[in-house]
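# what shape does this take:
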Amino acid sequence: MTGKTNQTHSSNDTEKWQAELEKRGIFRRYWQCSLEELERKGIPPQVQSQYAQVKKYVCDMQKNWSDGIGMILKGPVGTMKTSMAVAVLIEHLKAGHSGLFVPMVSMLDNIFTMKARNKEEWLAYEDRIRNTGLLVLDDLGAEYHQEWVLSKVDAIISERYNRMKPIIITSNLTSKGLKGKYAERVYDRLKNTSKVINFSGDSLRDSA
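Numbers count the residues shown, from 1 in each chain. Next comes the predicted model:
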């Protein structure tokens, strides 16, 4: 009876944790992207140096969080940038802090549709993005190149910069590409308050 009770308790805990991850924008594909799980599966040689830098960021997470220091993970597709960014957010959540994972395309689509459908819902969504403890913006640069979009990204980044709230960004764009797409001050603010980690090489998905 005790074994069955423990299994039920464990199952309930897992379901609660997965529900919490979903509330934070981390869906099923990334539920197993904790540092522990990534290491258990094995870090490919191609990204071991980058992973070491990400893990160091986590080891210093409390200071980084207090100082508003984030990360910019940039490089080709399929090099585990998103998996590592999610791993950091999961560690942040485990430590009892708030956080949010937001793919850029989804964020702007949500803002656009919510604004048309329900102004209060839209304002609440934007408020979460601006004020959550750790914000992960995935695939910066993949969103539509429109003036209102760039202005919205600028406003969110600028406000978090002023409030010293950390942002982790993943992008397939180079530094030059990011500077070319966004106002120069936006990239400068990100760069000056982030640890920049460069990824390179072929997509690891191809070898899976």
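# those strands in this structure, which residues are they?
Shown for the chain, the strands assigned by DSSP state E span residues 70-74, 99-103, 134-138, 167-171, 194-198.
# parallel or antiparallel, list what pairs with the first one.
Taking DSSP bridges as the criterion, strand 70-74 forms sheet pairs with strand 167-171 (parallel), strand 194-198 (parallel).
# also the second one?
As defined by DSSP bridges, the strand partners of strand 99-103 come to strand 134-138 (parallel).
# show me where this protein dips below the pLDDT cut-off.
Applying pLDDT under 70 to the chain flags the ranges 1-9, 143-146, 182-183, 206-208.
# how about 80 then?
1-10, 107-112, 114-116, 118-119, 142-152, 176-187, 205-208 (pLDDT under 80).
# please enumerate the helices of it.
Taking DSSP state H to define them, one finds helices in the chain at 2-23, 35-41, 48-59, 61-67, 81-94, 104-117, 119-131, 147-162, 175-181, 184-192.
# who touches stretch 197-208?
44, 46-47, 50, 53-54, 71-81 (Cβ atoms under 8 Å, 6 or more residues apart in numbering). The way it works is simple: take the backbone N, C-alpha and C, and place the C-beta from them, glycine included.
# just the buried residues of those residues.
46-47, 50, 53-54, 71-75, 78-81 (16 or more other Cβ atoms under 10 Å).
# what residue lies at the spatial centre of the chain?
By Cα atoms, centre = their mean, the mean C-alpha position of the chain lies nearest to Val136, the distance being 2.3 Å.
# residues contacting it?
With Cβ under 8 Å, 6+ apart, Val136 has these contacts: 25, 85-86, 88-89, 99-102, 167-170.
# try it again with 10 Å
Contact partners of Val136, counting by Cβ atoms under 10 Å, 6 or more residues apart in numbering, are 24-26, 70-71, 73, 82, 85-86, 88-89, 92, 99-103, 166-170.
# Ile72 now?
81, 137, 140, 167-171, 175, 178, 187, 190-191, 193-198.
# buried subset of the residues you listed?
Among the contacts of Ile72, those classed as buried by 16+ other Cβ under 10 Å are 81, 137, 140, 167-171, 178, 187, 190, 193-195, 197.
# how far away is Asn12 from Ala19?
11 Å (Cβ to Cβ, to the nearest Å).
# for the closest residue to His97 other than its chain neighbours, grab phi and psi.
What sits nearest to His97 in space, not counting adjacent residues and going by Cβ to Cβ, 6 or more residues apart in numbering, is Gly133, at 4.4 Å. Main-chain dihedrals, Gly133, degrees, to the nearest 10: phi -60, psi -50.
# in contact with Gly133, which residues?
The contact partners of Gly133, by Cβ under 10 Å, 6+ apart, come to Trp65, Leu89, His92, Leu93, Ala95, Gly96, His97, Ser98, Gly99, Leu100, Lys165, Pro166.
# between those, which has the most around it?
Counting neighbours by other Cβ atoms under 10 Å, Leu89 leads the contacts of Gly133 with 27 neighbours.
# you'd agree that one is up against Thr170?
No - in this structure, Leu89 is not within contact of Thr170 by Cβ atoms under 10 Å, at 11.4 Å.
# neighbours of Lys152, how many?
Other residues close to Lys152 by other Cβ under 10 Å number 18.
# correction: Glu120
8.
# now the one 10 residues further on
The burial metric for Arg130, expressed as a neighbour count using other Cβ under 10 Å, is 15.
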